[in-house]
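*Asks:* could you look at this predicted model? Sequence included:
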Amino acid sequence: MTKDNILLKLENVSKIYKMGEVEVPALKNVSVEIKKGDFVAIIGASGSGKSTMMNLIGCLDTPTSGNIFLKSKNISLLDESDLASHRGKTIGFIFQQYNLIPSISTFDNVLLPLEFQEIDDKKASERVKKILSIVGLSDKMFNLPTQLSGGQQQRVSIARSLVGDPEVILADEPTGALDSVTGKDILRILHKLWKEEGKTIILVTHDLKLAKYAHTTIELKDGEILKTYQNHNEVG
Amino acid sequence: MKFTKAFKHALNMVLHSKLRSWLTILGIIIGVAAVISIVAMGEALEQDMTSQLDDLGGDLLTLTAGASSAHSFGQGRMGNFGGSASATDEEIVLDKTDLQALKGVSDIKLMDTQISGRVDIYYVAEKGSVTVTGVDPLTWYQITTSKLKDGRMLGSADSNVIMIGGRVAESFFDKQLGINQLITIEDRLFRIVGILDDQSTSVYMPINLAYEIIDDKEKGVYDKIIIKIKDEEQIDIAMENIEQKLMIARHVTKDKLDFTLSSNQAQNDSRAEMINSLTMFLTAIAAVALLVGAVGIANTMFTSVLEKTKEIGIMKAIGARNNDILIIFLLNAGLIGLIGGILGIIFGTLLSGSLPALMGDTTGIMNRMFSADTIINLKMSVIAVSMSVFIGMGSGAIPAYQASRLKPVDALRYE
């Protein structure tokens, strides 16, 4: 594996939250490398530090110490606006609670990342329509999120994460609010994106069954990496 | 993010928080409408005064007995009710001696002697009280700025005839009055020969008749003398000359004047000053209303930022920069101001238009004032809208800045 293959690298990263006078360490001196085109599951119990790690990988937060390299660029040194640009272009987010804007349509929700990137209207519109057809929501284009089922909303969220053609899809408990059948559908979509589109998928979950869909698993405990292993018989 | 896209999201925010947005907009509407209608009222009063000045004539002077507040009463010539110019009674009057003195002033073109008083008038079975003005029929028609609506002006040979103001003719009695109809004033019948094109409740008649009708008026003694000067441009010189002549005739000195000579211009200037002060005061009150509206916008925007914290987090997570969020929220506040401003102008205009009716004055001065089509002008509208947008954005600036500085990880966690 060459150095060029490393998409994300955490180097001695620590994150400490201050709760008044008390300092709570969420991540302790973590170092990890995520390869381009990998399907990684970050697992761990509640309080293990997986959400903190996801926030740092997703450029949503900055570390207290250590460095984070995204495509060889040290993002821990960037200011908020540069981080925003990086996020928009490189990372697509899928959240447990979908996090769609409730007052705008499915189409506009998916269009939003392209508006922030100032993509040409016509090109953006075509891209949104294409992505919505991939996730099977062409007929729900002008529905508001509240008019969709949980599974449909999560598919909108996936469409939104894909529309900017990011290299990394960061999914935080994507099936947490869904029933098991719909949850499996969502994971199959992610698996397909990894296998067929070559996307790097980072799945954050507490559910060990879901981790079986991933190729690499990083297990966290008390803010430290307990073990990293590869699953050669992933479910798909 | 492109400006048009930011505008779309800002508009969407206004449309999707209907009640709160509209309540805030209502605050701005009230403020702008108050400012608009008060400024319109001020302008209308000014317009009315200007037109009154034109109507009254800038070349007219009014001479009355007694010193104005600027002068103390002096030892001037006293008159009594007997009308003698050299009388020694306590009443200070204007009489024929003054008229004679004024005839020697070359700046004067015409003079009209007048007396006036309240009298009862009767028509059919109705009774009313009006002001009767006795005028010199030889000169009044040349001096007065009142326009004739119907009939003719008073003539030198007239007897038992009157002219009436427009309001007396139209709405004073249940039945309208017309030319050649007879009305009773103090038990004497008078024929209407002319109706004036105004909204006054005045009645005009030859001064000789007025002496017989109005109580306590002595022949040869005048309430006032209206003087028309030859050259309006030379009004100050003419006033000086007239004053000099009268001081000699009335044996008074400058600091002990017993008469008042005033120009319509001066009267209007002092009224304008008063109206300006009143308008300023009312505008200050309206500005407070607008300030309350601005505080309302700030409050709404702070609430909106709190309410939309999670959405801000989502937008930041998918690539929104601080500036994108700042512009969206600033435009949202500006839009509230813009909508409030536009509706405020509309309501302000309607309020200005309906003020006469609301005040129960459909024919009087209020109606005249607000009938002017220039009251709500384009300039004022542009200023009001710009001001509203500025107030909106100004009030929304701090909340918008706060929104833009939110850390995405904190905003996403917000419930």
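*Replies:* On my side now, so go ahead. Residues are numbered from 1 along each chain as shown, chains lettered A, B, ... in the order given.

*Asks:* all contacts plus neighbour counts: C-alpha atoms, from now on.
*Replies:* Will do.

*Asks:* identify the bridge partners of the residue nearest to the spatial centre of chain A.
*Replies:* Among the residues of chain A, the one closest to the centroid is A:Leu170, at 0.9 Å (Cα atoms, centre = their mean). In this structure, A:Leu170 has beta-bridge partners A:Phe93, A:Ile202, where bridges are defined by DSSP bridges.

*Asks:* how close does it sit to B:Ile318?
*Replies:* With the distance defined as Cα to Cα, to the nearest Å, A:Leu170 ends up 11 Å from B:Ile318.

*Asks:* residue in chain A nearest to chain B?
*Replies:* In chain A, no residue comes nearer to chain B than A:Gly88, which is 3.8 Å away by Cα to the nearest Cα.

*Asks:* give me the common contacts of A:Leu170 and B:Ile318.
*Replies:* Here A:Leu170 and B:Ile318 share the contacting residues A:92-93, scored by Cα atoms under 8 Å, 6 or more residues apart in numbering or on different chains.

*Asks:* regarding chain A, what is its longest helix?
*Replies:* When chain A is scanned for its longest helix (criterion: DSSP state H), the result is helix A:180-197.

*Asks:* near chain A, which residues of chain B are found?
*Replies:* By the rule Cα under 8 Å from any Cα of the partner chain, the part of chain B lying against chain A is B:1-2, B:5, B:12, B:16, B:311, B:314-322, B:324, B:407-409.

*Asks:* that older thread, list the contacts for the residue nearest to the centre of chain A?
*Replies:* Contact partners of A:Leu170, counting by Cα under 8 Å, 6+ apart, are A:54, A:58, A:91-94, A:201-204.

*Asks:* how about those in JSON lines, adding pLDDT?
*Replies:* Formatted as JSON lines, the contacts of A:Leu170 follow (pLDDT from 0 to 100):
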{"residue": "A:Met54", "pLDDT": "91"}
{"residue": "A:Gly58", "pLDDT": "89"}
{"residue": "A:Ile91", "pLDDT": "91"}
{"residue": "A:Gly92", "pLDDT": "91"}
{"residue": "A:Phe93", "pLDDT": "90"}
{"residue": "A:Ile94", "pLDDT": "89"}
{"residue": "A:Ile201", "pLDDT": "92"}
{"residue": "A:Ile202", "pLDDT": "93"}
{"residue": "A:Leu203", "pLDDT": "91"}
{"residue": "A:Val204", "pLDDT": "92"}
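
*Asks:* could you single out the nearest of those residues to A:Val135?
*Replies:* The shortest gap between A:Val135 and any of the contacts of A:Leu170 belongs to A:Ile94, at 13.6 Å (Cα to Cα).

*Asks:* do I have it right that that closest one meets A:Gly176?
*Replies:* No: assessed by Cα atoms under 8 Å, A:Ile94 is found out of contact with A:Gly176, at 11.3 Å.

*Asks:* show me which of the two is the more surrounded one.
*Replies:* Between A:Ile94 and A:Gly176, counting by other Cα atoms under 10 Å in any protein chain shown, A:Ile94 is the more crowded of the two (26 against 15).

*Asks:* quick one on the thing from earlier: buried set for the longest helix of chain A?
*Replies:* Applying a neighbour-count criterion of 16 or more other Cα atoms under 10 Å in any protein chain shown, the buried positions in helix A:180-197 are A:182-184, A:186-187, A:189-191, A:193-194.

*Asks:* check stretch B:295-303 too.
*Replies:* So for stretch B:295-303, counting by 16+ other Cα under 10 Å, buried means B:295-302.

*Asks:* distance check, B:Ser270 against B:Leu63.
*Replies:* As for B:Ser270, its distance to B:Leu63 is 17 Å (criterion: Cα to Cα).

*Asks:* so what does residue 179 have for phi and psi?
*Replies:* Since no chain was named, I'll use chain A. Dihedral pair for A:Asp179: phi -70, psi 170, per degrees, to the nearest 10.

*Asks:* repeat that for A:Asp61.
*Replies:* When quoted as degrees, to the nearest 10, the phi and psi of A:Asp61 stand at phi -150, psi 160.

*Asks:* for it, which residues are in contact?
*Replies:* Shown in contact with A:Asp61 (Cα under 8 Å, 6+ apart): A:55, B:407-409.

*Asks:* farthest pair in these?
*Replies:* Comparing all pairs in the contacts of A:Asp61 by Cα to Cα, the longest separation belongs to A:Asn55 and B:Lys407, at 11.3 Å.

*Asks:* so for B:Ser270 and B:Leu63, which sits in the more crowded spot?
*Replies:* Between B:Ser270 and B:Leu63, counting by other Cα under 10 Å, B:Leu63 is the more crowded of the two (22 against 11).

*Asks:* and the most centrally placed residue in chain B, what's its pLDDT?
*Replies:* By Cα atoms, centre = their mean, the mean C-alpha position of chain B lies nearest to B:Leu45, the distance being 2.1 Å. In the predicted model, B:Leu45 carries a pLDDT score of 73.

*Asks:* how much space between it and B:Thr349?
*Replies:* Distance from B:Leu45 to B:Thr349, by Cα to Cα: 16 Å.

*Asks:* pick out the residue of chain B closest to chain A.
*Replies:* Among the residues of chain B, B:Gly319 lies nearest to chain A; the distance is 3.8 Å by Cα to the nearest Cα.

*Asks:* show me the contacts for that residue.
*Replies:* Each residue near B:Gly319 by Cα under 8 Å, 6+ apart is listed here: A:84-89, A:113, A:116-117.

*Asks:* may I see these organised as TSV, with secondary structure, distance to B:Arg188 and neighbour count added?
*Replies:* Converted to TSV, the contacts of B:Gly319 look like this (DSSP: H, G, I helix; E, B strand; the rest coil; distance: Cα to Cα, whole Å; neighbours: other Cα atoms under 10 Å in any protein chain shown):
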residue	secondary structure	distance to B:Arg188	neighbour count
A:Ala84	helix	95	25
A:Ser85	helix	96	20
A:His86	helix	100	19
A:Arg87	helix	99	24
A:Gly88	helix	97	27
A:Lys89	helix	99	19
A:Pro113	helix	92	28
A:Phe116	helix	90	23
A:Gln117	coil	92	19
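
*Asks:* with those in mind, which one is nearest to B:Val130?
*Replies:* Out of the contacts of B:Gly319, the member with the shortest distance to B:Val130 (by Cα to Cα) is A:Phe116, at 75.8 Å.

*Asks:* what's the closest non-adjacent residue to that closest one?
*Replies:* The spatially closest residue to A:Phe116, leaving aside those adjacent along the chain, is B:Met1, at 4.6 Å (Cα to Cα, 6 or more residues apart in numbering or on different chains).
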